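1. Mind folding the following:
(2 chains)
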Protein chains: 2
Amino acid sequence: MDQKMDQKMDQKSKAELLRELHAGSEVLVLANAWDAISARLVETEGFSAVATSSAGVAGVLGYPDGQLIPRSEMLFMVKRIAEVVDVPVTADVEAGYGDPVRTALDVIESGAVGMNLEDTVGHELIPLAQQIGAIRNIIAVAKSAGVPLVLNARTDIFLAKLGDESTRFDRTVERLNAFHDAGADCLFAPGVTDAETIGRLASAVKGPLNILAGIGIPTIPELKKLGVRRLSVGSGTSRVALGALRCFVRQMRDEGTLTPLATEAVSYAEVQKLMTRA
Amino acid sequence: MDQKMDQKMDQKSKAELLRELHAGSEVLVLANAWDAISARLVETEGFSAVATSSAGVAGVLGYPDGQLIPRSEMLFMVKRIAEVVDVPVTADVEAGYGDPVRTALDVIESGAVGMNLEDTVGHELIPLAQQIGAIRNIIAVAKSAGVPLVLNARTDIFLAKLGDESTRFDRTVERLNAFHDAGADCLFAPGVTDAETIGRLASAVKGPLNILAGIGIPTIPELKKLGVRRLSVGSGTSRVALGALRCFVRQMRDEGTLTPLATEAVSYAEVQKLMTRA
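-> This is a model prediction of the structure:
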């Protein structure tokens, strides 16, 4: 078997593993990575999969979040991440950069085995029929390519506060269930943070529900009780890391001291170990 | 004037500014960046220049530190960093990836205006005559290219614990002064952390002394009194950020809570603001 086929077999197994993790006894917790070393750290701490963060990756390469990074650059970083970890990787590829099928093929090429697909560009919802078509096409091409990508279909109705507030819950359920019927593996409703709405949503959708971590979100055991199957931290991981950097540089600037090197830093030897693989 | 010439003029001014910062009333403190957003954060917090960290950049792209990243990939990230900040950028390009002059030209091409040059590859010291030749050649080609790079010449005798311990101080001074005589702007002795040795070194070298931050290092006001002109945090900034990530993911894993999102994270809106420039 040649190397390319070997990789595809490996990716196929990883896709199946990632799919199974949505039906496990615990919530699938995704501490999103934004570069190779953050991915290695998350894997080393025992997380069963690595998700990427579009905002995190965009920040690495110099872009704001929101489809402003070119597809090729986003996938370049996804590939670097997929190359350094053994666990399945799922890619945040926003709304597919104008061509979701092409993006799905690039995700497979990068070595990842899952992807998100958003239904909003800027503040405009993509028509439902168009989004359903994209989901069906992605599933078909991924199957043909031999890597059954785990498709996480997302609606931004809550996150982007789209349309009349009183209609958001029903429109979210309508969209997510339509995505489910089109074959999506997981249904993502970022922007919902209160326990009551999360619980109602988990009951109303037909597939595994994915929630985005945010300030005030219930604890992971509570989310599990509410029926949530997957929790993404999104850019939260990179923003916590940046928060520590900001704190450190302000201390340096204002007090002239460098104590976090002793109290908070991962050691240089540990960093080298994280990045040196057999 | 065409765009290319415009950029060179801008780079020339920035190189002169960076050079002047070594002779200012305060220690030049470099909170090293490893990607675009960390560079923007450091700039926004008021630091007058941005240095890159070779270990930090290597970790972003999937390599351990120590010249294992290809030159082109290191410079790719330096360029991304130089593109998003207005302050002068100085690049950690290790020992020049086998061809210091080519590397210097690539540093100029990336938009940076300063570079480090290490004198050790693996655990082998580069012969002094060879290193002096490299320094002279870099200065000459940078001058010809119209961007008088600020050259920070480094010896790793202390950091890599090279040769008999009792000889390290004298050999460090010998090398750094030879680098100074060859035209280097700044003299870098990483691995020295005690006040007494730092003070003696600052007196013994003929140019501005650069120290690497480490556990137990004197405070910045103390370093100033000891005669240090430049302090690099090296990979310390990225390792503090990674330390916060590790703490966060362990809390998620072990306690199921996400409180650092509220207490430590830079907000999503702030991240967007950092990355959105006029």
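
2. quick one: the strands in the stretch 101-250 of chain A?
-> A:114-118, A:120-121, A:124-125, A:150-154, A:186-188, A:209-212, A:230-232 (DSSP state E, counting those that start in this stretch).

3. Go through these and name the closest to A:Val173.
-> Proximity to A:Val173 (Cβ to Cβ) singles out strand A:186-188 among the strands of the stretch 101-250 of chain A, at 9.3 Å. Placement of C-beta: from N, CA and C, glycine included.

4. how distant is the closest one from the center of its chain?
-> 11 Å (Cα atoms, centre = their mean, to the nearest Å).

5. What residues does the stretch 51-200 of chain A have near chain B?
-> For the stretch 51-200 of chain A, the contact set with chain B under Cβ under 8 Å from any Cβ of the partner chain comprises A:55, A:58-65, A:80, A:83-84.

6. any chance of the strands of the stretch 101-250 of chain A in CSV, plus mean pLDDT and mean neighbour count?
-> Shown next, in CSV, are those (pLDDT from 0 to 100; neighbours: other Cβ atoms under 10 Å in any protein chain shown):
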stretch, mean pLDDT, mean neighbour count
strand A:114-118, 98, 26
strand A:120-121, 95, 18
strand A:124-125, 96, 15
strand A:150-154, 98, 27
strand A:186-188, 98, 26
strand A:209-212, 98, 25
strand A:230-232, 98, 25
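
7. where does the stretch 151-278 of chain A have low pLDDT?
-> A:278 (pLDDT under 70).

8. can you give me the helices for it?
-> Ranges of helices in the stretch 151-278 of chain A, per DSSP state H, counting those that start in this stretch, are A:168-181, A:195-204, A:220-226, A:236-255, A:260-263, A:268-275.

9. Pick the most buried one from those helices.
-> Highest mean neighbour count of the helices of the stretch 151-278 of chain A: helix A:236-255, a mean of 22 (counted as mean count of other Cβ atoms under 10 Å in any protein chain shown).

10. tally of neighbours for the closest residue to A:Gly96 other than its chain neighbours?
-> Computed as Cβ to Cβ, 6 or more residues apart in numbering or on different chains, the closest residue to A:Gly96 that is not its neighbour in sequence is A:Thr103, at 4.3 Å. By the measure other Cβ atoms under 10 Å in any protein chain shown, the count of residues near A:Thr103 is 23.

11. didn't A:Thr103 look like it was pressed against A:Asp92?
-> No - under the criterion of Cβ atoms under 8 Å, A:Thr103 makes no contact with A:Asp92, lying 11.1 Å away.

12. can you list residues touching both of those two?
-> A:Met115 (Cβ atoms under 8 Å, 6 or more residues apart in numbering or on different chains).

13. do you know how far A:Asp86 is from A:Val113?
-> Counting by Cβ to Cβ, to the nearest Å, the gap from A:Asp86 to A:Val113 is 12 Å.

14. Comparing the two, which residue is more hemmed in?
-> Comparing A:Asp86 with A:Val113 by other Cβ under 10 Å, the one with more neighbours is A:Val113, at 29 against 10.

15. if I read this right, the more buried one contacts A:Asp10, doesn't it?
-> No - counting by Cβ under 8 Å, A:Val113 sits too far from A:Asp10 to count as a contact (9.3 Å).

16. which residue ranges form the helices in the stretch 1-150 of chain A?
-> A:3-21, A:36-44, A:54-61, A:71-84, A:100-110, A:128-144.

17. Comparing those helices by mean pLDDT, which bottoms out?
-> Lowest mean pLDDT within those: helix A:3-21, a mean of 89.

18. Tell me who's in contact with the nearest residue to A:Ser203 once chain neighbours are set aside.
-> Of all residues not flanking A:Ser203 in the chain, A:Gly227 sits nearest, at 6.4 Å (Cβ to Cβ, 6+ apart). Residues in contact with A:Gly227 (Cβ under 8 Å, 6+ apart) are A:199, A:202-203, A:209.

19. Got the phi and psi for A:Gly227?
-> phi 100, psi 10 (degrees, to the nearest 10).

20. List the buried residues for stretch A:40-54?
-> Neighbour-count burial for stretch A:40-54 flags A:40-43, A:45, A:47-54 (criterion: 16 or more other Cβ atoms under 10 Å in any protein chain shown).

21. Send me it as PDB with only the CA atoms.
-> Output of stretch A:40-54 as PDB, limited to C-alpha atoms (Å, rounded to 0.1, in the frame of the first residue of the first chain):
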ATOM      1  CA  ARG A  40       0.400  19.100  21.200                       C
ATOM      2  CA  LEU A  41      -0.300  20.500  24.700                       C
ATOM      3  CA  VAL A  42      -4.000  19.800  24.500                       C
ATOM      4  CA  GLU A  43      -3.300  16.200  23.300                       C
ATOM      5  CA  THR A  44      -0.600  15.700  26.000                       C
ATOM      6  CA  GLU A  45      -3.100  16.700  28.700                       C
ATOM      7  CA  GLY A  46      -5.400  13.800  27.600                       C
ATOM      8  CA  PHE A  47      -8.000  15.400  25.400                       C
ATOM      9  CA  SER A  48      -9.400  12.800  22.900                       C
ATOM     10  CA  ALA A  49      -9.600  15.100  19.900                       C
ATOM     11  CA  VAL A  50      -8.200  18.500  18.800                       C
ATOM     12  CA  ALA A  51     -10.400  21.200  17.300                       C
ATOM     13  CA  THR A  52      -9.000  24.300  15.700                       C
ATOM     14  CA  SER A  53     -10.200  27.800  16.300                       C
ATOM     15  CA  SER A  54     -10.700  30.100  13.300                       C
END
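
22. which residues touch A:Arg200?
-> A:Phe169.

23. before we move on, what about A:Glu83?
-> Here A:Glu83 is in contact with A:36, A:111, B:62 (Cβ under 8 Å, 6+ apart).

24. A:Ala213 now?
-> A:231-234, A:236, B:258, B:261.

25. Return the distance of stretch A:194-208 from the chain's centre.
-> With Cα atoms, centre = their mean, you get 19 Å for stretch A:194-208.

26. Please save the CA atoms from that stretch in CSV.
-> C-alpha atoms of stretch A:194-208 as CSV (Å, rounded to 0.1, in the frame of the first residue of the first chain):
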residue,chain,number,x,y,z
ASP,A,194,-28.1,29.8,29.9
ALA,A,195,-29.0,26.4,31.2
GLU,A,196,-32.7,26.6,30.5
THR,A,197,-32.3,27.3,26.7
ILE,A,198,-29.4,24.8,26.4
GLY,A,199,-31.6,22.1,27.9
ARG,A,200,-34.6,22.9,25.7
LEU,A,201,-32.3,23.0,22.6
ALA,A,202,-30.8,19.6,23.5
SER,A,203,-34.3,18.1,23.6
ALA,A,204,-35.5,19.8,20.5
VAL,A,205,-32.7,18.9,18.1
LYS,A,206,-32.5,15.5,16.5
GLY,A,207,-28.7,15.1,16.6
PRO,A,208,-25.8,15.6,19.1
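
27. quick one, what contacts A:Gly207?
-> Taking Cβ under 8 Å, 6+ apart, we find A:Gly207 in contact with A:176, A:180, A:184-187.

28. ditto for A:Asp119
-> By Cβ under 8 Å, 6+ apart, the contact set of A:Asp119 is A:95, A:125-126, A:131, A:153-156, A:175.

29. what's around A:Ser38, how many residues?
-> For A:Ser38, the neighbour count with other Cβ under 10 Å is 29.

30. distance of the spatially closest residue to it that is not a sequence neighbour from B:Gly133?
-> Sequence neighbours aside, B:Leu245 is the residue nearest to A:Ser38 in space, at 6.1 Å (criterion: Cβ to Cβ, 6+ apart). For B:Leu245, the distance to B:Gly133 equals 42 Å [Cβ to Cβ].

31. show me what contacts the residue nearest to A:Pro221 when sequence neighbours are not counted?
-> Nearest non-adjacent residue to A:Pro221, counting by Cβ to Cβ, 6+ apart: B:Gly256, 5.0 Å away. By Cβ under 8 Å, 6+ apart, B:Gly256 lies in contact with A:219-221.
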